[in-house]
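Engineer: A predicted structure for the sequence below; I have some questions about it.
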Amino acid sequence: MSSFIKDVFRVGLSNFLIIVSGLGTSMLTARYLGPEKNGIIAAILVYPSLFMSVGSLGIRQSTTYFLGKGLYSETQIKRAITQIWFLTSFSCFFTCFILVYYFSSSGNNILWALLALIPIPFTLFNTYNSGIFLGKNDIKTFNKINWIPSLITFLGTFFFIVFFKFDISGYFCALILGPIFISFLLLFKNEFIKAFSLKFDWSIIKSMLSLGIVYAISLMIINLNYRIDTIILDKLSNTYELGLYSKGAGLSQYLWQIPMLLSTVVFARSATAKNDFSFSLKITQLLRLSLLIVGVLSLILFIFGRCIIFILYGYAFEGSIIVFQILLPGVIILTLFKTMNMDLAGKGKPWVSVKAMLPALIVNIVINVILIPKFGAKGAAISSTISYSVGGILFLYFYSREIGIPITQILKFSISDLDVIKYLFKKLSNNHARLPKI
């Protein structure tokens, strides 16, 4: 438990930095660009962010699985993922350009489109290689790949938008800096540059792609469920409504950093776990703890949502308040999925999520088409909450069947579920007691 808590604490610190950097970036774009320009940004970025789940081909997950199970050596996997990255970067860039240019309402601005797509090959490189660190349970290095780009993006946004006043182009420039920095860091410091080779081991590449594509399909459906409202808003409403929705939805989704705090560690350890059933029992405990924390925070945020929106984004985003509040119940229920999915994905069973999220996606599309023309951002929020609820409840059912633990046992809270928090506070207190007194 001690090493698990240490990993959770490290990921928690990383997620805290991601949240602070993300909120800072979101606040700057809201106050200096306004709702309509934020809507333009959301409309352009939706396709690259969505297609990244397909372009990543599930390589990070399959890398973690194969390395964690010891099926291939680190050198073999490094060589395979760099070769896959080289082949996919160009296809992803070209495909995303077509999607942005022809399907986004703001994609006819070539400069914005190209700036939004430049991070793709670097982000793919970082995503592929981060699986190496998860497979080795090197959570410390994995965290750096996540929080450093967020911090650099925040600093870049400040300089390009506030100081240089480059407007929308400035924000897209800021998005480029973080992925490039991490890519060069990985390339030389972690010696990934030695992995580039023209000697192809097709058996490894085929194995990684075979499992990775299943992960990719799963991730595509999951991310499409998060992004489809943005796409339909862009088509059936306007950039002002899209800007309001993007801020409300973005703020509510920070609550998922709590289950994601656990999920990163869960996925890495699930891939190396010797006793799958025993490990899943621990996951159900973490699930109940996540639901408790997310539920309490959601209630607080619902009560103080108006003040939070005004403080962060200003009065121009008053319409984001109702979006934020409507989304909170769905965010709570989808916490079920966010926590449990990483357990099954770490066991090499990503297809289970498809059975839950595909029906949720269909529900999301139908309700969005009905509600968005009449209610705009509010209609998208209602649709997402219903969809998240469907996905979370269905996945709970499938997870229960897959691991052989009844739903009542999964959800039954006990006072022992708080042991993780007690243990963490005890460790922090002990560390504090050992500090030299001044």
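Structural biologist: The structure has been received and is ready for your questions.
Engineer: For the stretch 51-200 of the chain, just list every one of the helices.
Structural biologist: 59-68, 74-103, 110-117, 119-135, 139-157, 167-188 (DSSP state H, counting those that start in this stretch).
Engineer: The ones you listed: which one's closest to L328?
Structural biologist: helix 139-157 (23.2 Å; CB to CB). Every residue, glycine included, has its C-beta placed from N, CA and C.
Engineer: That closest one - contacts with which helices or strands?
Structural biologist: Judged by 3 or more CB pairs under 8 Å, 6 or more residues apart in numbering; DSSP states H and E, helix 139-157 is in contact with helix 2-55, helix 119-135, helix 167-188, helix 257-272.
Engineer: Rebuild those helices as TSV, extending it with mean neighbour count.
Structural biologist: Below are the helices and strands packed on helix 139-157 laid out as TSV (neighbours: other CB atoms under 10 Å):
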stretch	mean neighbour count
helix 2-55	20
helix 119-135	24
helix 167-188	20
helix 257-272	23
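Engineer: a markdown table please, covering those and showing mean pLDDT and distance to L358.
Structural biologist: Output for those, formatted as a markdown table (pLDDT from 0 to 100; distance: least, CB to CB, whole Å):
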| stretch | mean pLDDT | distance to L358 |
| --- | --- | --- |
| helix 2-55 | 83 | 14 |
| helix 119-135 | 83 | 23 |
| helix 167-188 | 91 | 30 |
| helix 257-272 | 59 | 21 |
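Engineer: Would you mind giving those as CSV with distance to T408 added?
Structural biologist: As requested, those are exported to CSV (distance: least, CB to CB, whole Å):
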stretch, distance to T408
helix 2-55, 26
helix 119-135, 32
helix 167-188, 44
helix 257-272, 21
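Engineer: Determine which of these approaches I308 most closely.
Structural biologist: helix 2-55 (9.9 Å).
Engineer: remind me which residues of the stretch 201-350 of the chain are low pLDDT?
Structural biologist: Across the stretch 201-350 of the chain, the ranges flagged by pLDDT under 70 are 259-276, 346, 348.
Engineer: Okay, now stretch 408-415: how far is its last residue from its first?
Structural biologist: End-to-end distance of stretch 408-415: 16 Å, with CA to CA, to the nearest Å as the criterion.
Engineer: next one: it to chain centre, how far?
Structural biologist: 27 Å (CA atoms, centre = their mean, to the nearest Å).
Engineer: and stretch 69-85, C-alpha only, in PDB?
Structural biologist: In PDB, the C-alpha atoms belonging to stretch 69-85 read as follows (Å, rounded to 0.1, in the frame of the first residue of the first chain):
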ATOM      1  CA  LYS A  69       3.800  -8.300 -18.600                       C
ATOM      2  CA  GLY A  70       7.400  -8.700 -19.800                       C
ATOM      3  CA  LEU A  71       6.400  -9.900 -23.200                       C
ATOM      4  CA  TYR A  72       9.000  -7.800 -25.000                       C
ATOM      5  CA  SER A  73      12.100  -5.900 -24.000                       C
ATOM      6  CA  GLU A  74      12.200  -2.200 -23.600                       C
ATOM      7  CA  THR A  75      14.600  -1.800 -26.500                       C
ATOM      8  CA  GLN A  76      12.300  -3.800 -28.800                       C
ATOM      9  CA  ILE A  77       9.300  -1.800 -27.800                       C
ATOM     10  CA  LYS A  78      11.100   1.500 -28.200                       C
ATOM     11  CA  ARG A  79      12.200   0.600 -31.700                       C
ATOM     12  CA  ALA A  80       8.700  -0.500 -32.600                       C
ATOM     13  CA  ILE A  81       6.900   2.600 -31.300                       C
ATOM     14  CA  THR A  82       9.300   5.100 -33.000                       C
ATOM     15  CA  GLN A  83       8.700   3.300 -36.300                       C
ATOM     16  CA  ILE A  84       4.900   3.400 -35.800                       C
ATOM     17  CA  TRP A  85       5.100   7.100 -34.800                       C
END
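Engineer: neighbouring contacts of it?
Structural biologist: 57, 59, 63, 66-67, 121, 124-125, 128-129, 131-132, 135-136, 192, 194-197, 199-201, 204-205, 207-209, 271-272 (CB atoms under 8 Å, 6 or more residues apart in numbering).
Engineer: What about V296, how many residues nearby?
Structural biologist: 10 (other CB atoms under 10 Å).
Engineer: cool, Y399 as well?
Structural biologist: Residue crowding around Y399 was assessed by other CB under 10 Å; the count is 27.
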